[in-house]
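K.L.:
compute the structure for the input listed below.
(2 chains)
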Amino acid sequence: MEHVVELENVTKNFKDFSVNNINLQVKKGFVTGFIGANGAGKTTTIKLMMNLLKPDAGEVKVFGMDYKTHEKAMKERMGFVYDGNVFFEGLNLLDIKRIVGPSYKQWDDKLFYQYMEQFELPLKKAIKTFSKGMQMKASLAIALSHHAELIIMDEPTAGLDPIFRRELLDLLQELMVDGNRTIFFSTHMTTDLNRIADYLAFINRGELIFNQSIHDIAENYALVKGRMDLLDRDTEKALIRVHRAPTGFEALTGNVQQAKKIFGDSVVIEQASLEDIMVYMKEGVQRV
Amino acid sequence: MFNLIRRDVILQKRQMLIFIPFITFFIIMDAHPALTFLVASIFIPFNAFAYDEKVETNILLNSLPYTRKEIIASRYIGAMIYMILAIGVTSLELFLFGIPFRLTDIAVACCLFLLFSAFTFPLFYIFKPGYIYSVVLISFLLLAGIGPPIVIFLMDNITVVADFIINLSTTVMYMGSAVIIIFLYTASWGITTYIYQRKAL
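P.N.:
Below you'll find the predicted structure:
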């Protein structure tokens, strides 16, 4: 399968934080959700993809090209939606279009006006008067108006009300009908992902824990519940993280088959929600 | 790249409206034509930094299909273009007011503007947003306040240097300053590009 974005052993260090040795492939034609708690390294990873940050080690490739030699060609084909507004806040959309439009070879004015109408965005109002949802739509309209093949979004649903959030997710789903398009978006809300993501990449404390299809995740991860006396060094090998309580344990496994083999019918195995996985993983993988 | 330079006009539409009254004020106050040319030149390029120093602007520009080299080049080339335009408008206005000015006034203003730009542009990329304006403003006042006395002191005390300069023919002096300023401006351009390419956004 073709990869649109490839991060190979990418490391970036800051004074009090770092992302370590990230290996991440984003598959062409799919929606990849990028989850992690606040401060896990999502924005840093996205900035590395956009070349806003340069990795200390490793390689970032988009469309199989690297930023050293093909920066412009790469960005021509990329669209971006950031958490906050990055457009000049005092300007209206018409002026922003005048600045942003000509920078893209593939800019499509007609398409832009079409999206303005579809998203019901005012052309002559300063962008700082826009609500969060309108700003999001404006960014998205701009990304779509230059026929971006890859749209990278940093927390596009954060701060949106539930109705608007669903509207945005529906919209993204519609966009995916065009099989050439790839969407990579970060979020800390697992409910977003169940709706539209095909693949899930999970980052925790600067480390990529997994990048799998939703289907595989549902198949591999599960919650295991049972009596305390079932736990010992050997049985715990099948578990990623165990919560102990006097009444029994509850644990996350990343290998349902192995857990079934070890525990048999003595435990209850339930499907793990994305939130369960996130909460268990956040505490760190337990090394037994 | 031309598009990057053009964006200053779109961004500063409103400020442009006060450009003419701003120059007129200097003319009415009977400022030296060279000073009027200088402040007119500074107007657009330095107003532009009010936008460019913002983190969001840098994230936007760097997410668009531009290289960092181009973003900086647009600043340095843009400053020269806007300087030329500002000088054109100012000349016209001085002419309309019937105030005489010499080519030397324009030359001095250009040199001072380029010199000031060469020293301050890199600062906008070194210091954190918010601090830069004060840094630039203070350095401008310091230069204006302390600069001339220092020059006079040097001239009085280091007679060798003074004699050397005084003995230069006007042509050589103008050519010399032009070369030095072009060199400084280009060096500043290179330094800013170097800084910006390594900057984390």
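K.L.:
near chain B, which residues of chain A are found?
P.N.:
Applying CB under 8 Å from any CB of the partner chain, one finds that chain A approaches chain B through A:47, A:50-54, A:71-73, A:75-76, A:78, A:80, A:82, A:84-89, A:91, A:95, A:98-100, A:102-105. Just so you know, the C-beta spots here come from the backbone N, C-alpha and C atoms, and that holds for glycine as well.
K.L.:
gap between the closest residue to chain B within the stretch 151-288 of chain A and residue A:274?
P.N.:
Among the residues of the stretch 151-288 of chain A, residue A:152 lies closest to chain B, at 8.8 Å counting by CB to the nearest CB. To residue A:274, residue A:152 is 21 Å away according to CB to CB, to the nearest Å.
K.L.:
how about residue B:112?
P.N.:
With CB to CB as the criterion, residue B:112 and residue A:274 are 62 Å apart.
K.L.:
those two: which has the busier surroundings?
P.N.:
The neighbour comparison of residue B:112 against residue A:274 (other CB atoms under 10 Å in any protein chain shown) goes to residue A:274, with 22 against 18.
K.L.:
separation between that one and residue B:18?
P.N.:
Distance of residue A:274 to residue B:18, computed by CB to CB: 55 Å.
K.L.:
these two touch, right, the residue of the stretch 151-288 of chain A closest to chain B and residue A:80?
P.N.:
Yes - look at residue A:152 against residue A:80 with CB atoms under 8 Å: they come within range, at 5.3 Å.
K.L.:
now do the shared contacts for those two.
P.N.:
Residues touching both residue A:152 and residue A:80 by CB atoms under 8 Å, 6 or more residues apart in numbering or on different chains: residue A:50.
K.L.:
can you give me the helices in the stretch 151-288 of chain A?
P.N.:
A:162-175, A:190-196, A:214-220, A:256-263, A:274-282 (DSSP state H, counting those that start in this stretch).
K.L.:
which parts of the second one are buried?
P.N.:
Looking back up the chat, that one is helix A:190-196. Across helix A:190-196, burial judged by 16 or more other CB atoms under 10 Å in any protein chain shown covers A:190, A:192, A:193, A:194, A:196.
K.L.:
same question, stretch A:37-51
P.N.:
Neighbour-count burial for stretch A:37-51, counted by 16+ other CB under 10 Å, picks out A:40, A:41, A:42, A:43, A:44, A:45, A:46, A:47, A:48, A:49, A:50, A:51.
K.L.:
ok, how many other residues are close to residue A:136?
P.N.:
27.
K.L.:
list the contacts of the strand or helix carrying it.
P.N.:
Element membership of residue A:136, judged by DSSP states H and E, is helix A:132-145. Outside helix A:132-145, the residues that touch it by CB under 8 Å, 6+ apart are A:79-82, A:85-87, A:93, A:96-97, A:100-101, A:107-109, A:111-112, A:115-116, A:119, A:121, A:127, A:130, A:151, A:156, A:159-161, A:164, A:168, A:171, A:175.
K.L.:
can I get that helix as CSV, trimmed to CA atoms?
P.N.:
Taking C-alpha atoms only, helix A:132-145 is exported to CSV below (Å, rounded to 0.1, in the frame of the first residue of the first chain):
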residue,chain,number,x,y,z
LYS,A,132,-14.1,28.5,16.3
GLY,A,133,-16.2,26.4,14.0
MET,A,134,-16.3,29.0,11.2
GLN,A,135,-12.5,29.4,11.5
MET,A,136,-12.2,25.7,11.1
LYS,A,137,-14.4,25.7,8.0
ALA,A,138,-12.5,28.6,6.5
SER,A,139,-9.2,26.7,6.9
LEU,A,140,-10.7,23.6,5.4
ALA,A,141,-12.2,25.6,2.5
ILE,A,142,-8.8,27.0,1.7
ALA,A,143,-7.1,23.6,1.9
LEU,A,144,-9.8,22.2,-0.4
SER,A,145,-9.6,25.0,-2.9
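K.L.:
would you reformat the buried residues of helix A:190-196 as JSON lines and include distance to residue A:63 and pLDDT?
P.N.:
Formatted as JSON lines, the buried residues of helix A:190-196 follow (distance: CB to CB, whole Å; pLDDT from 0 to 100):
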{"residue": "A:190", "distance to residue A:63": "29", "pLDDT": "80"}
{"residue": "A:192", "distance to residue A:63": "26", "pLDDT": "79"}
{"residue": "A:193", "distance to residue A:63": "25", "pLDDT": "81"}
{"residue": "A:194", "distance to residue A:63": "29", "pLDDT": "78"}
{"residue": "A:196", "distance to residue A:63": "23", "pLDDT": "85"}
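K.L.:
stretch A:230-241: end-to-end distance?
P.N.:
Stretch A:230-241 has its terminal residues 15 Å apart, counting by CA to CA, to the nearest Å.
K.L.:
just the buried positions in that stretch, please.
P.N.:
A:230, A:231, A:235, A:236, A:238, A:239, A:240, A:241.
K.L.:
got it, and stretch A:71-81?
P.N.:
Buried residues in stretch A:71-81, defined by neighbour count with 16+ other CB under 10 Å: A:71, A:74, A:75, A:76, A:77, A:78, A:79, A:80, A:81.
K.L.:
in chain B, which spans are helices?
P.N.:
Remark: helices assigned in chain B by DSSP state H are B:2-11, B:13-17, B:19-28, B:33-52, B:55-63, B:68-96, B:103-126, B:132-157, B:159-167, B:170-197.
K.L.:
among these, which comes closest to residue A:24?
P.N.:
helix B:55-63 (19.3 Å; CB to CB).
K.L.:
please identify the buried residues of that closest one?
P.N.:
Buried residues in helix B:55-63, counted by 16+ other CB under 10 Å: B:56, B:57, B:58, B:59, B:60, B:61, B:62, B:63.
K.L.:
filter these down to the ones close to chain A.
P.N.:
Within these, those near chain A by CB under 8 Å from any CB are B:56, B:57, B:59, B:60, B:62, B:63.
K.L.:
so how far is stretch B:153-172 off the chain centroid?
P.N.:
Here stretch B:153-172 shows a centroid-to-chain-centroid distance of 26 Å under the convention CA atoms, centre = their mean, to the nearest Å.
K.L.:
likewise stretch A:206-215?
P.N.:
Offset of stretch A:206-215 from its chain centre (CA atoms, centre = their mean): 10 Å.
K.L.:
just stretch A:236-247 next, same as before
P.N.:
Mean C-alpha position of stretch A:236-247 versus that of the full chain (CA atoms, centre = their mean) differs by 28 Å.
K.L.:
one more: stretch B:44-60?
P.N.:
Relative to the centre of its chain, stretch B:44-60 is centred 16 Å away, using CA atoms, centre = their mean.
K.L.:
with stretch A:124-144 instead?
P.N.:
21 Å.
K.L.:
burial of residue A:92, as a residue count?
P.N.:
20.
K.L.:
what about it, distance to chain B?
P.N.:
11 Å (CB to the nearest CB, to the nearest Å).
K.L.:
per-residue pLDDT, the nearest residue to that residue once chain neighbours are set aside?
P.N.:
Nearest non-adjacent residue to residue A:92, counting by CB to CB, 6 or more residues apart in numbering or on different chains: residue A:124, 5.0 Å away. Listed pLDDT for residue A:124 reads 90.
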